[in-house]
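Peer 1: for reference, the sequence and a predicted model appear below.
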Amino acid sequence: MTGTAMKLAAPPKWDLAKIRADFPAVGQDVHGRPLVYLDSAATALKPTAVIDAVSNVYAKDCANVHRGVHTLSQRATLAFDAAREKVRVFLNAREAAECVFVRGTTEGINLVAQTLGRRLAPGDEVLITGLEHHSNLVPWQMACEAASARLVVADVTDSGEVPLESFERRMSNKTRIVALAHVSNTLGTILPVKDVARLAHECGAVVVVDGAQAAPHLELDVQDLGVDFYAFSGHKVYGPTGIGVLYGRRALFETLPPWQGGGSMIHSVSFAKTTYKGLPDRFEAGTPDIAGAIGLGAALDYLGSLDRAALDAHEAHLLQYATLALEGVPGLRLVGTAPRKIGVLSFVMDGIHPHDLGTLVDGEGVAIRTGHHCTQPLMERFCVPATARASLGIYNTEADIDRLTAALRKAKELFA
Amino acid sequence: MINPRELYQEIILDHGRRPRNFRPLPDASHSAEGKNPLCGDHVIVRLRYRDGIVEDVAFEGSGCAISTAAASTMTEAVKGKSRAEVDALFHEFHDLVTGKSATDPEELGKLAAFAGVSEFPMRVKCATLAWHTLQSALEGGHIAVSTE
């Protein structure tokens, strides 16, 4: 390609005005300017359908689940169970019982690390990657410390990828667990999960995937990926905070010891001996986040109602548009340039600390994330203290990107 | 609420770009290291403190414009001051950036440029990191502090 501007394909058919109207938070002003929300990787905005579903639980179907026989309890139970089935469809799990509701991805990974982790013996190895969010790093570090096992890290390339060779190089006959992100929250890189799972299983290792950033962007199929565990968060797929899912392949999941003890997860209790239920109740002690689960179901319905091909095309187009636009800002350097990535753009700018950038673009009504993004080792890998990060959602437009780059240029002028 | 742009007063931009007393201090009697784990800001404050007076003070590290400028203006403000005067100044500065200030900002000289920080609770720690680190150095020296 020459130095001339690259020609972009025409934007795909995607009714942005309609989508934007579905999200009430989109329409507000910040510092006197219409909000440009570019922080969906931290948490996505919520469509009215989700807000209404949550509100409806408290306004009408307000009862505990799997307990009472009265009408409200039945309605709540039906809606709660229906949400689990929606999750099953979303992940293409074999059965809904393999999908356990948790608080979020972090809790899902901790559940696996603290139950499966008990099987680690001294000298065993847990393989993660250099780009993991702290939530897929610290739980394994804790499990390794408790078992005198070793935490091994697959290398990240300069473009922010973790190719299959990086895993191959670190795998051995001591590898018991391979835990990796499906998509990097800081760089947007898509990891080769399916190939890693095949390789790991050849070594007899269990595969655990942090799907927090993949769930809003990729079509998921846990059976096709061949993974043993897959966790994701509701609030990143346009659903409520405080709810998430841990999928586990039944043959393995049901052999894990219970994690939290309490109501709902038991068959019978006596002072001498308690027996436990099977999946999914075994891992859902206490009253669950009923409204959260139903809200998540509504979010998955909403995503499912969209034209998937048009959505994928819109996201790919906007990522390409944003990449070119940011590369055109003087003194800006993108961190994470993998060919296979989703709409997460981390960057640094000469002479301006990311925190000053974050504050200044906020003054223009543009919301981006700044900091280490819970990936401190990755910041060290790229020799930066922090980055600014713009992340895209289904409601973002080319005009949003233009507002960002204009705000960045203005910040640059102030600091010149 | 003021526009974030107004946070970046000329004094802050200037000291952020060209920090004063940004150097080692080989004959330091006291030093401390400060970190803000939330944003990765990192500062080492060293001082020569003799006969109850801050004879010289310098800092090194990396951080945003607010934290760098705060450290830079602090070194200018406390040089030649007694411990009691330093404490009083920190107290006033802290009140200023947390919006509790009763004193006339003009009395704080260059430090008054940080008044806008009080509108941005997320940035208060940036402005006070060097000051906390200075306190730590004076209290015992060679202590790491964290503002988180």
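Peer 2: That came in fine, so what should we check first?

Peer 1: quick check: residue B:8 touching residue B:69?
Peer 2: No - counting by Cβ atoms under 8 Å, residue B:8 sits too far from residue B:69 to count as a contact (9.2 Å). C-beta here means a position set from N, CA and C on the backbone, and glycine is covered the same way.

Peer 1: looking at these two, which has the bigger crowd around it?
Peer 2: residue B:69 (29 against 22; other Cβ atoms under 10 Å in any protein chain shown).

Peer 1: list the buried residues for whichever helix or strand the more buried one is part of?
Peer 2: Taking DSSP states H and E as the criterion, residue B:69 maps to helix B:65-78. Neighbour counts using 16 or more other Cβ atoms under 10 Å in any protein chain shown place B:65-75, B:77-78 of helix B:65-78 among the buried residues.

Peer 1: would you map the helices across the stretch 251-400 of chain A?
Peer 2: A:290-305, A:308-327, A:354-362, A:376-381, A:398-415 (DSSP state H, counting those that start in this stretch).

Peer 1: closest one to residue B:94 among those?
Peer 2: helix A:354-362 (19.9 Å; Cβ to Cβ).

Peer 1: which positions in chain A make contact with chain B?
Peer 2: Contact residues (Cβ under 8 Å from any Cβ of the partner chain) of chain A with chain B: A:31, A:351-356, A:359-360, A:362-363, A:370-372, A:379, A:385-386, A:414-415.

Peer 1: so, low pLDDT: which residues of chain B?
Peer 2: Within chain B, the segments meeting pLDDT under 70 span B:102, B:141-148.

Peer 1: one more time with 80
Peer 2: B:1, B:37-40, B:101-107, B:141-148 (pLDDT under 80).

Peer 1: and chain A, what are its domain boundaries?
Peer 2: Here the domain parsing of chain A from automatic domain parsing is A:16-37+A:307-415, A:51-304.

Peer 1: just send those domains back as TSV, with mean neighbour count too.
Peer 2: Output for the domains of chain A, formatted as TSV (neighbours: other Cβ atoms under 10 Å in any protein chain shown):
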stretch	mean neighbour count
domain A:16-37+A:307-415	19
domain A:51-304	20
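
Peer 1: pipe the ones you listed into CSV and attach distance to residue B:28 per row.
Peer 2: Below are the domains of chain A laid out as CSV (distance: least, Cβ to Cβ, whole Å):
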stretch, distance to residue B:28
domain A:16-37+A:307-415, 24
domain A:51-304, 35
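
Peer 1: okay, those in CSV with mean pLDDT next?
Peer 2: Converted to CSV, the domains of chain A look like this (pLDDT from 0 to 100):
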stretch, mean pLDDT
domain A:16-37+A:307-415, 96
domain A:51-304, 97
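
Peer 1: now the residue sitting furthest away from the middle of chain A: how far from chain B?
Peer 2: In chain A, residue A:272 marks the outermost C-alpha relative to the chain mean, sitting 41.6 Å out by Cα atoms, centre = their mean. Distance of residue A:272 to chain B, computed by Cβ to the nearest Cβ, to the nearest Å: 47 Å.

Peer 1: for residue A:340, same thing?
Peer 2: 28 Å.

Peer 1: where does the stretch 1-150 of chain A get nearest to chain B, which residue?
Peer 2: For the stretch 1-150 of chain A, the residue closest to chain B is residue A:31, as judged by Cβ to the nearest Cβ, at 5.7 Å.

Peer 1: need the phi and psi values for that residue.
Peer 2: Main-chain torsions, residue A:31, degrees, to the nearest 10: phi 50, psi 40.

Peer 1: wait, what's in contact with it?
Peer 2: A:362-365, B:1, B:3-4 (Cβ atoms under 8 Å, 6 or more residues apart in numbering or on different chains).

Peer 1: mind checking the helices of the stretch 251-400 of chain A for the one nearest to residue A:20?
Peer 2: Nearest of the helices of the stretch 251-400 of chain A (Cβ to Cβ): helix A:398-415, 10.2 Å.

Peer 1: for that closest one, name the packing helices and strands.
Peer 2: strand A:36-37, helix A:308-327, strand A:344-349, helix A:354-362, strand A:366-367, helix B:10-17 (3 or more Cβ pairs under 8 Å, 6 or more residues apart in numbering or on different chains; DSSP states H and E).

Peer 1: save these as CSV, and put in distance to residue A:253 too.
Peer 2: Converted to CSV, the helices and strands packed on helix A:398-415 look like this (distance: least, Cβ to Cβ, whole Å):
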stretch, distance to residue A:253
strand A:36-37, 36
helix A:308-327, 28
strand A:344-349, 30
helix A:354-362, 40
strand A:366-367, 38
helix B:10-17, 53
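
Peer 1: wait, residue A:141 sits on residue A:150?
Peer 2: No - look at residue A:141 against residue A:150 with Cβ under 8 Å: they stay out of range, at 10.5 Å.

Peer 1: residue A:231 sits in which helix or strand?
Peer 2: Secondary structure (DSSP H and E) places residue A:231 in strand A:229-233.

Peer 1: listing partners with orientation, what would you give for that strand?
Peer 2: strand A:206-210 (parallel), strand A:244-248 (antiparallel) (DSSP bridges).

Peer 1: residues making contact with the last one?
Peer 2: The one in question is strand A:244-248. Under Cβ under 8 Å, 6+ apart, the answer for strand A:244-248 is A:87, A:91, A:93, A:98-109, A:111-112, A:222, A:228-234, A:256, A:279, A:283, A:296.

Peer 1: can you check the first one too?
Peer 2: With contacts defined as Cβ under 8 Å, 6+ apart, strand A:206-210 is touched by A:105, A:109, A:112, A:116, A:132-133, A:135-136, A:176-182, A:193, A:196-197, A:200-201, A:225-231, A:252.

Peer 1: so of those residues, which ones are in strands?
Peer 2: A:176-181, A:229-231 (DSSP state E).

Peer 1: on that earlier part again, the residue of the stretch 1-150 of chain A closest to chain B and residue A:170, how far apart?
Peer 2: 47 Å (Cβ to Cβ, to the nearest Å).

Peer 1: before we move on, back to that, and the helices of the stretch 251-400 of chain A: which comes nearest residue A:157?
Peer 2: Proximity to residue A:157 (Cβ to Cβ) singles out helix A:376-381 among the helices of the stretch 251-400 of chain A, at 9.9 Å.

Peer 1: contacts for the closest one, please.
Peer 2: With Cβ under 8 Å, 6+ apart as the test, helix A:376-381 has contacts from A:130-132, A:134, A:137, A:153, A:156, A:184, A:186-187, A:372, A:385-387, B:40.

Peer 1: can you do 10 Å?
Peer 2: Outside of helix A:376-381, the residues within contact range by Cβ atoms under 10 Å, 6 or more residues apart in numbering or on different chains are A:128-134, A:137, A:153, A:155-158, A:160, A:184-187, A:335-336, A:346, A:371-373, A:375, A:384-387, B:37, B:40.

Peer 1: which of the contacts of residue A:31 sits closest to residue A:48?
Peer 2: For the contacts of residue A:31, the nearest to residue A:48 is residue A:365 (22.1 Å; Cβ to Cβ).
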